[in-house]
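Chemist: Would you be able to build a 3D model of this:
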Amino acid sequence: NEITKLDFSDYDLQVVDAIVLAAAITNNRSLSTLNLQQNNSGGRWASAIADALAVQPDQWFSFNGLPLRNLKCNQELELDLRDLTIGLVEGMVLARWLPLNRSLHLIRMACGFEVPINALRTGMVTKLSLSNTGLQPEHAIVLASALGSLETLILNDNHIGGMPGNDVAEGFEALGAALKENTSLTELKLIRTQMGPRGAIALAAGVMLNGEQRTGSLADHDDQGKVANDGDSFGSIPSDEELDKLDEEVDLSTIKAMAGAFLFNQSPKQSYNCAGVKIGIEGKEVLAATNSNEMKKPTRSLTSLDVRQNYFGGDGARALTNAIAMAGQTGMWVCFNCIPLRDMAGDQLTELDLEHTGIGVTGVHVLANWLALNGSLQTLNLSSNELCGLDSSGNGEYEASGIKALARSLVLNKTVGKLVLDSNQLAGRQCVDQEEHDEGINALAESLSKCVSLTALSLGKNMVGPKCTTAFAMCLSSNMLHIMMDCGINNASQQMDADCFGSDCSDEEYSESSDKGGDFSSIKKLARAFLKPNLDPGLEGSGNALGGQMDSPSTLAALGKVIGDLVTFRLLDLSSNGIASEDLMALIDGGVLNGSLQVLILDDNQLAGSSKSSYGENVKGLESLGKALKDN
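Modeler: Here you go, the predicted structure:
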């Protein structure tokens with residue numbers, strides 16, 4: 001205990017080194033200046049050091065250039081850190097010292113980030129927008145410690161999660177911890193903030209417990225901001241037994257002020273220790289009333305959260321979804337990821353257009369929860385929303401849990417008639433050479449046969465390919481999907497042929513409809529989905545690539561067989577599908593013109609070409625079409 005200054009800058013200290021050093025610091029009473037700069041500290045490294053420094057705040061003069069003593073003694077009005085390198089450890093230390101200070105008005109940082117800390121504390125600032133200001137995790141940590149009475153916080157387009165792919169969670173952990181105590185913040189926007197799985201899980205914990213840890217006990221701070229050091233820094237308002245043990249007298253007005261701070265979030269720190277404080281009978285009554293009445297009531301304030309265009313995968317999505325669902329039990333949610341939850345819960349909407357809003361996997365999870373209970377929505381447009389975690393360029397990680405949740409909610413919902421899911425990378429790929437995912441499409445296909453209200457489903461531009469043919473009767477076998485499955489309401493007098501979709505037909509009989517063979521059991525499922533009572537089916541499939549692939553003839557032969565057997569199928573649009581001569585021949589020979597089809601569109605195809613060669617003319621498909629037309 002003789003060393004007062006210690007310099008370990010640029011020592012490449014590792015986590016284990018930091019833990020050992022932190023233990024030594026905790027037991028030391030002479031050290032006042034410590035320099036650990038240029039050590040590339042990570043989260044565990046930083047928190048170990050920051051926690052150790054906070055044990056004895058009175059002994060510290062400086063840490064990595066931060067004027068800790070001046071902050072503790074209220075000697076700073078403006079803290080200028082523009083010439084200092086601020087990293088995770090500096091941010092964590094500042095976050096622990098700021099609640100001890102009462103004089104600071106402003107903090108300036110190198111990136112141009114400024115915290116109007118006094119205005120936040122006094123309620124002069126209720127909305128703060130720091131979008132696209134270069135915020136890093138350490139800045140978010142500092143900001144989270146100084147939310148004060150802020151009502152709206154916008155941090156879009158920053159690197160709170162570190163650089164892309166790093167998944168630095170400490171900034172979101174700090175925000176989540178602040179939310180647990182905060183009772184004033186109603187709107188938080190974190191769009192494009194590089195939030196990864198760890199960050200999303202940390203934030204979700206705060207969202208779930210928003211305002212529920214605002215309990216505390218009376219003496220972690222005296223009026224100079226002195227920290228109590230008996231180890232009980234996270235208590236609650238004391239019990240009757242604890243109050244009876246208090247010795248030191250405190251003025252009743254002080255007790256009332258402290259109780260008021262509990263109730264109205266005016267306290268710099270929401271935890272206090274009552275040890276050694278005698279408050280008298282009246283003070284005891286004030287605290288007892290506070291404890292029994294107000295402190296046990298939910299104090300949740302957050303009603304709007306936006307975390308769009310962050311790629312935190314399935315684990316992060318599930319954590320946030322659960323947090324929103326549990327917090328949503330209070331009925332306070334207004335909006336999540338641009339989804340009007342309050343309006344949906346109140347059955348105030350018949351049409352909801354969320355096209356190109358990027359609600360993401362988490363958004364569709366949350367939407368599904370609300371949709372299952374909604375009783376008014378008729379049209380829902382979710383096109384271009386990264387519902388499977390991938391953007392239009394394929395960035396991100398494929399995650400089908402959201403679309404599966406939506407499929408389940410469609411079965412429970414009784415009002416949605418039209419659903420648009422265009423451009424959502426449902427197949428998880430950018431071109432035919434990439435692996436195709438069919439989990440989401442399979443879930444949607446399964447829900448079609450159970451939906452009681454859905455009559456129109458649009459799945460355009462989703463790169464759906466051959467693997468998904470088991471889900472949608474091969475008619476979605478394409479590499480550039482733009483398809484509209486439209487079942488319009490028909491007159492009630494038009495009766496369906498009970499056998500038109502082959503209810504007694506075996507899968508083998510369906511396979512025999514194609515020379516190529518194959519399992520087309522899903523074709524029957526598709527037909528059943530279309531042929532509900534009083535429905536007149538049609539299929540728009542323009543802009544696909546149903547033709548030109550190795551398995552295209554078998555796909556189109558199966559499709560032709562199904563449509564040829566239907567007695568009410570009216571329209572088939574297969575324009576711009578790369579259909580070659582052999583594909584057309586398979587479609588016709590499958591029997592597409594044998595049923596009730598009235599309109600067949602084959603524009604912009606290679607009907608006289610071959611999928612096997614780009615040279616030469618092949619008229620066999622057109623010959624088959626000509627022969628079929630003679631008898632049609």
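Chemist: Need the pLDDT of D17.
Modeler: Note for D17: predicted pLDDT of 90.
Chemist: need the contact list for it.
Modeler: Neighbouring residues of D17 by CB atoms under 8 Å, 6 or more residues apart in numbering: Y11. Every residue, glycine included, has its C-beta placed from N, CA and C.
Chemist: Look at it and give its secondary structure.
Modeler: helix (DSSP: H, G, I helix; E, B strand; the rest coil).
Chemist: how far away is it from I49?
Modeler: 10 Å (CB to CB, to the nearest Å).
Chemist: again with E351
Modeler: Counting by CB to CB - E351 and I49 are separated by 55 Å.
Chemist: Compare neighbour counts for the two and give me the winner.
Modeler: The residue with more neighbours, out of E351 and I49, is I49; 27 against 11, by other CB atoms under 10 Å.
Chemist: Pull out the buried residues from the helix or strand where the more buried one lies.
Modeler: Using DSSP states H and E, I49 sits within helix 43-55. Residues 43, 45-50, 52-55 are the ones in helix 43-55 that count as buried (16 or more other CB atoms under 10 Å).
Chemist: pLDDT of that helix, averaged?
Modeler: If you average the pLDDT values across helix 43-55, you get 91.
Chemist: Return the residues in contact with the most centrally placed residue in the chain.
Modeler: For the chain, T362 is the residue whose C-alpha lies nearest the centre (CA atoms, centre = their mean; 3.3 Å). Taking CB under 8 Å, 6+ apart as the criterion, T362 is in contact with 200, 307, 312, 316-317, 320-321, 337, 402.
Chemist: rerun that using 6 Å as the cut-off
Modeler: By CB atoms under 6 Å, 6 or more residues apart in numbering, the contact set of T362 is 317, 320-321.
Chemist: Please apply the same query to S9.
Modeler: 35, 37-38 are the contacts of S9 under CB under 6 Å, 6+ apart.
Chemist: again, but for D422
Modeler: Contacts of D422 by CB under 6 Å, 6+ apart are 383, 458, 460-461.
Chemist: now with 7 Å?
Modeler: For D422, the contact set (CB atoms under 7 Å, 6 or more residues apart in numbering) comprises 383-384, 458-461.
Chemist: Mind checking which of those are buried?
Modeler: The neighbour-count test (16+ other CB under 10 Å) marks 383-384, 458-461 as buried among the contacts of D422.
Chemist: Farthest pair within those residues?
Modeler: S384 and L459 (12.8 Å; CB to CB).
Chemist: quick one on the thing from earlier: can I take it that the residue nearest to the centre of the chain is in a helix?
Modeler: Yes. Under three-state DSSP, T362 sits within a helix.
Chemist: Now tabulate the contacts of D422 in JSON lines and tack on distance to Y398.
Modeler: What follows is the contacts of D422, written out as JSON lines (distance: CB to CB, whole Å):
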{"residue": "S383", "distance to Y398": "18"}
{"residue": "S384", "distance to Y398": "17"}
{"residue": "S458", "distance to Y398": "21"}
{"residue": "L459", "distance to Y398": "16"}
{"residue": "G460", "distance to Y398": "19"}
{"residue": "K461", "distance to Y398": "16"}
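Chemist: So the closest residue to V115 other than its chain neighbours, which state does it fall into?
Modeler: Leaving aside its chain neighbours, V115 sits nearest to I107 (4.2 Å; criterion: CB to CB, 6 or more residues apart in numbering). Put simply, I107 is strand when judged by three-state DSSP.
Chemist: Identify the bridge partners of I107.
Modeler: Listed beta-bridge partners, I107: L79, V115 (assigned using DSSP bridges).
Chemist: Could you point out which residue ranges in this protein have low pLDDT?
Modeler: Within the chain, the stretches with pLDDT under 70 are 1, 213-299, 328-331, 430-433, 449, 464-546, 568, 611-616.
Chemist: What are the buried residues along stretch 321-328?
Modeler: For stretch 321-328, by 16+ other CB under 10 Å, it's 321-324, 327-328.
Chemist: of all those, which comes closest to E623?
Modeler: Nearest to E623 among these, with distances taken as CB to CB, is T321, at 55.7 Å.
Chemist: Do a quick rundown of the strands in the stretch 301-450 of the chain.
Modeler: 304-306, 335-336, 351-353, 379-381, 418-420 (DSSP state E, counting those that start in this stretch).
Chemist: quick one: contacts for M195?
Modeler: M195 touches 161, 172, 307, 310, 312, counting by CB under 7 Å, 6+ apart.
Chemist: can you list the residues you listed in CSV and add distance to Q75 and neighbour count?
Modeler: Converted to CSV, these look like this (distance: CB to CB, whole Å; neighbours: other CB atoms under 10 Å):
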residue, distance to Q75, neighbour count
G161, 35, 29
F172, 32, 34
V307, 39, 28
N310, 40, 26
F312, 42, 31
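Chemist: So which of the residues you listed are in helices?
Modeler: Of those, the ones assigned to helices by DSSP state H are F172.
Chemist: out of the contacts of M195, what pair is the most spread apart?
Modeler: With distances taken as CB to CB, the most widely separated pair in the contacts of M195 is G161 and V307, at 10.8 Å.
Chemist: ok, the closest residue to the residue nearest to the centre of the chain other than its chain neighbours to L147 distance?
Modeler: Nearest residue to T362, sequence neighbours excluded (CB to CB, 6+ apart): A317, at 4.3 Å. Remark: distance between A317 and L147 (CB to CB) = 25 Å.
Chemist: likewise V20?
Modeler: Taking CB to CB, one finds V20 at 34 Å from L147.
Chemist: ok, the two, which is more surrounded?
Modeler: Shown here are V20 and L147; by other CB under 10 Å, L147 has more neighbours (21 against 13).
Chemist: And the helices in the stretch 351-500 of the chain, which stretches?
Modeler: 360-371, 401-412, 439-448 (DSSP state H, counting those that start in this stretch).
Chemist: Turn the ones you listed into TSV, columns for distance to E78.
Modeler: Formatted as TSV, those follow (distance: least, CB to CB, whole Å):
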stretch	distance to E78
helix 360-371	39
helix 401-412	46
helix 439-448	53
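Chemist: deepest of these, which one?
Modeler: helix 360-371 (a mean of 26; mean count of other CB atoms under 10 Å).
Chemist: centre of the chain versus that helix, how much separation?
Modeler: 9 Å (CA atoms, centre = their mean, to the nearest Å).
Chemist: do the same with stretch 357-371
Modeler: Relative to its chain's centre, stretch 357-371 lies at 8 Å (CA atoms, centre = their mean).
Chemist: again with stretch 96-113
Modeler: Here stretch 96-113 is found 31 Å from its chain centre; the criterion is CA atoms, centre = their mean.
Chemist: Not counting it itself, show me its contacts.
Modeler: By CB under 7 Å, 6+ apart, stretch 96-113 touches 50, 54, 57, 68, 71-72, 74, 76-82, 86, 114-118, 130, 133-135, 139, 142, 145-146, 225, 227, 268-269.
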